[in-house]
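# task: produce atomic coordinates for the following.
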Amino acid sequence: MVPMKRGELRIYLGAAPGVGKTFAMLGEARRRADRGTDVVIGLVETHGRSKVTAQLEGLEVVPRRRNGGHPGLDELDLDAVLARRPEVALIDELAHTNAPGSRNTKRWQDVDELLDAGITVLTTVNVQHLESLNDVVEKITGVRQRETVPDEVVRQAEQIELVDITPEALRRRMAHGNIYAAERVDAALANYFQPSNLTALRELALLWVADEVDVALQRYRTDKKITEVWETRERVVVALTGDKESETVLRRAARIAKRYGAADLLAVHVLRGDGLAGAPVGATLALRRLADDVGATFHTAVGGDGPDAVTTALLDFARGVNATQLVLGTSRRSRLAQVFDPGIGARVVRESGPIDVHMVTHNSSGRGLRLPVLRGGLSGSRQAAGWALAVLAPTLATLTGVLLRDVIGLSTDVVLYFLAAVVVAAVGGLGPALLAVLLGGLALNFFLTPPLYSLTIADPENVVTNVAMLVVAVLVALVVDRAARRAEQAARARAEAALLASFARTVLTRTDPLPRLLTQVREAFGLRCAALLERPEGRTGWDRVAVSGPPDCARPDQADVDVQVEPGLHLIGTGRSLPAADRRLLETVGGQALLALRSQRAVAEAEAAQRRAEVNETRGALLSAVGHDLRSPLTSIKAAAGSLRDPLLRLSETDRADLLATVEESVDRLTGMVDNLLDSSRLAAGAVHPLLAPIGYDEVAVRALIGIEGAARVTIEIDEQLPDVVADSGLLERVVANVVDNALRHGAGAPVAVRASAYADRVELRVVDRGPGVPPATRDGLFAAFQRLGDRDSAPGVGLGLSVARGLTAAMGGTLTAEDTPGGGLTVVVSMPSASAVPEPEVIG
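Here you go, the predicted structure:
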């Protein structure tokens, strides 16, 4: 009997409810049905969404199984779908937990039975329901998902399709009522559907799908035996030896991986295949802990035999994981050893192919840029080699002449001594060359020039030969020494240019460059302390403007190095004296220090001027606002009072009542303005001491609307069952009144809604208007004192309402923020601690 072919599973994965998973699934079902495929709907949750419901038209729906013991918990009728045996079945919400009494506990188990029966299943799931991400989602949203599905179930799907939408579009969809009912919209937007939550959930979904795609790619490469690197994703491999430099190399690799965002970091330790000692005892465990600390996965690879075994194992591992970058430490071998064997690093670079290789130094960390010391032409090692050659070269020439006396003549012997003198001069310079000429002349005269074994020179021509040899050696030595000096000077010039460029970059790019500049000076010149001292006019003492190192640089006359930058300003250093060349460079650095000091002081003066301008602007705004808002009600009061007192003016009772109402309204305006000014002053002085107690938003909102002009345009939509908040009743009433009054003044006549919702340990009151709104860049300015939308509007008030409201809210332990109203407008959110989340005070006694 041929076994039944298992059905295929296709999953529509989304970041949050409402992204369109069910809609996309139904669209695929309709396309398959149009092609003649037998499609039925086993279970689809429409959640009352009209567009989703419209997609069901024309598709066969299997009736749900009634759960008699639990009315309202109708479930998938698994037996009916199995009996119907369609080609494709649609089963929504894969992570759903079935009602008690069902055959299977979870819906994904129902789906598994359908797949075993050969039925292809289309289903949906949100990323927050994946078991491996449950704790991550809870940290992001503050909500723990009770319904989860094992990751392995989702990974076994033949197709996973990501249904994606931007957070802004999803919030608009929510605000238009396309996801939840109207009474749930504000609470959802304020809590789970915050932009930050949606962005994080979207990233989780994208990364999870990307990981699955990467696994599928690796499986394909393995099946097809593909070894070359495909740069589909940044993957950094770091090679660790287990020695003390491993920590430096691993941390550097972690920084490289971090630059690429979601790059994978893999640490690998290659074991020697010949069984010889490798890393120190216990190093592997330490490497594993270190890899965990920086977020890397730890791996070991075993090399074969031979000198290139480690290199081959390392590159094979890197290619096997499709690495794009390889990080390893520089060789600890000496230069002499590297002549015979360049080491693993050089071989890796040569054979890495498309993999980028980073060589990390680990024995010079913390050293600053230093200048080379000017020395006489040649280095000490070359001079030592020259002195040795000054003895060996004439000796070899002499042995050659004596042993081959019957083959070569005196002229050839002279050429050999010339060659020896030139070689010594080229290697060791003038001193060794003179010694070589002296020894060579004596040996030539004693062993090879007739009469032999005598220092007597019978032929005057031999005297000329010795003198010529001496002159040639001296000239060659002088040329070599001059070239070496020029090379040394060029190297120093390059170092000076690099150092000055580093200083200039510090001065130009840092906001406070002096401390860093002095640190560079101290490191570059090998000083113990570097400081910039200034003596103000009319004073005898010195002020330390900036210092690097031990603070023992107090006076220029106590320093080892003293450079006068300008009268009254000195750059000094202690620790050692500097040669003339270094002092000249330090004088140039002094000019850069002066530039940095002037720039720093100019910035400080500009900031002080900015603060003075802000104070003047605030003072002007206060005088302008208070002048206008005092004059208007006072003028109204004076005019009304004058009319009431005029004996010649005959007023009816209606006119008299209108004038008295004008006086009362003007006095109320004055009282509100004075209250805001006093509250602002108390907040600035820290003199607000709230009396905290449980209070309901519904009570506060009703009292806050009393006396507010335009309160008829405000609707209060607050559930009385919401938890109380911990606040000062009077202060919270002032906060709500100020926020509502601001919405009425600047809401362009649109209605204002006051709503509330609970989230975690907070209860939020939202004042929603449909006015012109405020751009995000200027939103924080709403809560500044004397802010009146840029002072361009004609609305009354001194611009203190929201500033005072935020201060009073903060004094009670709450927050006051502003956000966009989906669809246009501004929403101001008052968030206070829930009374149910605040512990009762402990009673002792």
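# what's the end-to-end length of stretch 8-23?
One end of stretch 8-23 to the other measures 20 Å (CA to CA, to the nearest Å).
# so for Gly431, what's the pLDDT?
Note on Gly431: pLDDT of 79.
# need the contact list for it.
383, 386-387 (CB atoms under 8 Å, 6 or more residues apart in numbering). No exception for glycine: its C-beta is placed from N, CA and C like everyone else's.
# which element is the spatially closest residue to Val424 that is not a sequence neighbour on?
Nearest residue to Val424, sequence neighbours excluded (CB to CB, 6 or more residues apart in numbering): Ala436, at 4.0 Å. If you go by DSSP states H and E, Ala436 is part of helix 430-443.
# give me the contact list for stretch 393-405.
408, 412-413, 416-417, 419-421, 423-424, 436, 439-440, 443-444, 447-448.
# am I right that Arg601 sits in a strand?
No. Going by DSSP: H, G, I helix; E, B strand; the rest coil, the assignment for Arg601 is helix, not a strand.
# shouldn't Glu351 be in contact with Asp316?
No. In this structure, Glu351 is not within contact of Asp316 by CB atoms under 8 Å, at 10.7 Å.
# helices along the stretch 151-300 of the chain, start to end?
Shown for the stretch 151-300 of the chain, the helices assigned by DSSP state H, counting those that start in this stretch span residues 151-155, 167-175, 182-190, 195-223, 246-259, 283-293.
# report the inter-axis angle for the last one versus helix 246-259.
When you say that, I think you mean helix 283-293. Angle of helix 283-293 versus helix 246-259, following axes from the mean of the first three to the mean of the last three CA atoms, to 10 degrees, is 30 degrees.
# same question for the third one.
Helix 182-190 and helix 246-259 are oriented at 140 degrees to each other (the same axes, to 10 degrees).
# helices or strands up against helix 182-190?
The contact analysis (3 or more CB pairs under 8 Å, 6 or more residues apart in numbering; DSSP states H and E) places helix 182-190 against helix 167-175, strand 752-759, strand 762-769.
# ok, the fifth one next?
Helix 246-259 is packed against strand 235-240, strand 264-271, helix 283-293, strand 325-329, strand 356-360, with contacts defined by 3+ CB pairs under 8 Å, 6+ apart.
# try the last one
Other helices and strands packing on helix 283-293, by 3+ CB pairs under 8 Å, 6+ apart, are helix 246-259, strand 264-271, strand 297-302.
# and the helix or strand hosting Tyr12, which strands flank it?
Assigned by DSSP H and E, Tyr12 belongs to strand 9-14. Take DSSP bridges as the rule and strand 9-14 pairs in its sheet with strand 120-126 (parallel), strand 159-163 (parallel).
# what does that strand contact?
Counting by CB under 8 Å, 6+ apart, 20-22, 24-25, 28, 94, 111, 115, 120-127, 154, 156-164, 205, 208-209 sit against strand 9-14.
# ranges for the strands of the stretch 701-845 of the chain?
Secondary structure of the stretch 701-845 of the chain (DSSP state E, counting those that start in this stretch): strands at 714-717, 725-727, 752-759, 762-769, 815-820, 826-833.
# for these, which one sits closest to Pro633?
Closest approach to Pro633 among the strands of the stretch 701-845 of the chain is made by strand 714-717 (23.5 Å; CB to CB).
# contact partners of stretch 636-655?
656, 659-660, 662-663, 665-667.
# out of those, which end up buried?
Buried subset of these (neighbour count, 16 or more other CB atoms under 10 Å): 659, 662-663, 665-666.
# as TSV, those residues with pLDDT, distance to Pro822 and secondary structure would be great.
Formatted as TSV, these follow (pLDDT from 0 to 100; distance: CB to CB, whole Å; DSSP: H, G, I helix; E, B strand; the rest coil):
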residue	pLDDT	distance to Pro822	secondary structure
Leu659	85	46	helix
Thr662	84	41	helix
Val663	85	43	helix
Glu665	77	36	helix
Ser666	79	39	helix
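# now those residues as CSV including distance to Gly343?
Conversion of those to CSV gives the following (distance: CB to CB, whole Å):
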residue, distance to Gly343
Leu659, 100
Thr662, 95
Val663, 96
Glu665, 90
Ser666, 90
